[in-house]
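**Student:** fold the following.
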Amino acid sequence: MPDFKRSSHPECWPDFDREHIWHPYASMTKPLPVYPVAEANGVTLRLTDGRELIDGMSSWWAAIHGYNHPRLNGAILRQLRSMSHVMFGGLTHGPAIALTERLMALAAEPLKHVFYCDSGSVSVEVAIKMVIQYWFAKGRPEKNRLLTVNGGYHGDTFGAMGVCDPVSGMHQMFTGILPRHLFAPKPRPAASSWDASEMDGLTQELESRRDEIAAVIIEPVVQGAGGMNIYHPAYLRRLRRLCDKSDVLLIFDEIATGFGRTGKMFAYEHADVVPDILCLGKALTGGTMTLAATLATAKVACGISADGAGVLMHGPTFMANPLACAVAAESIDLLMETPWQERVMGIEAQMRKELEPCRNLSVVADVRCIGAIGVVETRHPVKMPWMQQQFVEHGVWIRPFGKLVYIMPPYIITGGQLSILTSAIFDVLNAWGGT
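**Tutor:** Below is the predicted model:
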């Protein structure tokens, strides 16, 4: 039997990791430093060297209840006693039924049909397949392009990359081989007064290309990794009307914003509109396991299957994994039993107050907040390795990128812990301005 030595000695982890493990958005030849985590509890990450960091990232938006929550752990352990997985083709199980019941209770009434996916990016892939198959079943195969806006991010798989920003996004090198979709100017920041003229470009695309557009896909109210742009809900209300007028479906990508992150259960509630398809992920399981869902209206689901022969051409091996479904149902129950909205709005109020001084720093271009999302935009791209190290030395885990230093902490964070995060952001940016 091989002698597996390095995995048992944490002091060896960084060197082994650097030699063999490829991290997201990282080089193998010149990797960024990584910080080995020994344990995660509540809002705290404990490194193998004993240092503790307050987590401002919720593991990329997902760990809304914090880490190692006994109720989420318990849900997984209970499910393990019966089965960890069973194929979903031709079978069903209690955890999938329980989770679907909860999603039906939370989502807008027309979103009656749920397809379970492996990850958020895959839920976007499924949504794209849905709209293309819908129009194919309607005898309109020429309606096979997506319309979206600049500044968007929908994932790193190929279909999802095709609707990410083609210029300022992360996938420019794939432009020549990705599907050629359509892009309109991105919404103006919410700080600007609402002016319907900002939708002129999108309106023109819809009206002139309605015969080839299958759907519009957009992140409602908050554009995430594409730039953390927070825009006016009136944009979505007008968009819904335009899609209806042009006979085009509407997809909302709420992978990042779903389950309370913006102060509403789903961000589309800010505009009081309902999409034809809704993509969910990240916080769905409270950050414990990978799972996503694509919800569709009866119009879409029955349109694809209208003659009884139409089937959705997607079938993940681990679709509706019982462990993931069980912990997702428990996470929703836990969320609904807590004053989550009060907590999220409290986080927003504190971040608005404590991040505002950053606006006076010479390196800062803007400060913006919504719900449990706080963003400081810098005038120039951040010095990533230096800034990451500075945040760790300040006792916090914040992962900046591009021109964005942002936090989306777990909802259970205390006021004192949040102040440590916001103070670290000010101090590090202030130090950067002086370097």
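**Student:** helices along the chain, start to end?
**Tutor:** With DSSP state H as the criterion, the chain has helices at 13-20, 58-61, 70-80, 94-106, 120-137, 158-161, 200-209, 234-246, 298-304, 322-336, 340-355, 384-393, 415-433.
**Student:** which one, of the ones you listed, ends up nearest to Thr148?
**Tutor:** Checking the helices of the chain against Thr148 by Cβ to Cβ gives helix 200-209 as the closest, at 9.2 Å. In this view, the C-beta of every residue, glycine as well, is placed from N, C-alpha and C.
**Student:** ok now that closest one, how far from the chain's centre?
**Tutor:** Helix 200-209 has its C-alpha centroid displaced from the chain centroid by 27 Å (Cα atoms, centre = their mean, to the nearest Å).
**Student:** so where is this protein shaky, pLDDT-wise?
**Tutor:** 1-6, 168-172, 192, 307-309, 434-435 (pLDDT under 70).
**Student:** make JSON lines out of the helices of the chain and add distance to Arg188.
**Tutor:** Output for these, formatted as JSON lines (distance: least, Cβ to Cβ, whole Å):
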{"stretch": "helix 13-20", "distance to Arg188": "42"}
{"stretch": "helix 58-61", "distance to Arg188": "24"}
{"stretch": "helix 70-80", "distance to Arg188": "39"}
{"stretch": "helix 94-106", "distance to Arg188": "30"}
{"stretch": "helix 120-137", "distance to Arg188": "24"}
{"stretch": "helix 158-161", "distance to Arg188": "25"}
{"stretch": "helix 200-209", "distance to Arg188": "12"}
{"stretch": "helix 234-246", "distance to Arg188": "8"}
{"stretch": "helix 298-304", "distance to Arg188": "30"}
{"stretch": "helix 322-336", "distance to Arg188": "32"}
{"stretch": "helix 340-355", "distance to Arg188": "20"}
{"stretch": "helix 384-393", "distance to Arg188": "28"}
{"stretch": "helix 415-433", "distance to Arg188": "25"}
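**Student:** quick one: which of these is nearest Ile217?
**Tutor:** So among those, helix 120-137 is nearest, using Cβ to Cβ, at 7.0 Å.
**Student:** quick one: buried residues of the closest one?
**Tutor:** Within helix 120-137, the residues scored as buried using 16 or more other Cβ atoms under 10 Å are 120-137.
**Student:** next: stretch 287-294.
**Tutor:** Per 16+ other Cβ under 10 Å, stretch 287-294 contains these buried residues: Gly287, Thr288, Met289, Thr290, Leu291, Ala292, Ala293, Thr294.
**Student:** so which of those is the closest to Gln388?
**Tutor:** Nearest to Gln388 out of the buried residues of stretch 287-294 is Gly287 (Cβ to Cβ; 20.8 Å).
**Student:** quick one, what contacts the closest one?
**Tutor:** Shown in contact with Gly287 (Cβ atoms under 8 Å, 6 or more residues apart in numbering): Ser58, Ser59, Ala62, Ala63, Ile64, His65, Tyr67.
**Student:** how near is it to Ile217?
**Tutor:** Using Cβ to Cβ, to the nearest Å, we find Gly287 at a distance of 24 Å from Ile217.
**Student:** which residues touch Pro185?
**Tutor:** Listed by Cβ under 8 Å, 6+ apart, the contact set of Pro185 reads Val149, Asn150, Glu198, Gly201, Leu202.
**Student:** which among those residues gets closest to Val344?
**Tutor:** Within the contacts of Pro185, proximity to Val344 (Cβ to Cβ) peaks at Val149, which comes in at 25.6 Å.
**Student:** go ahead and confirm the closest one touches Lys186.
**Tutor:** Yes: taking contacts as Cβ atoms under 8 Å, Val149 lies within contact range of Lys186: 4.6 Å.
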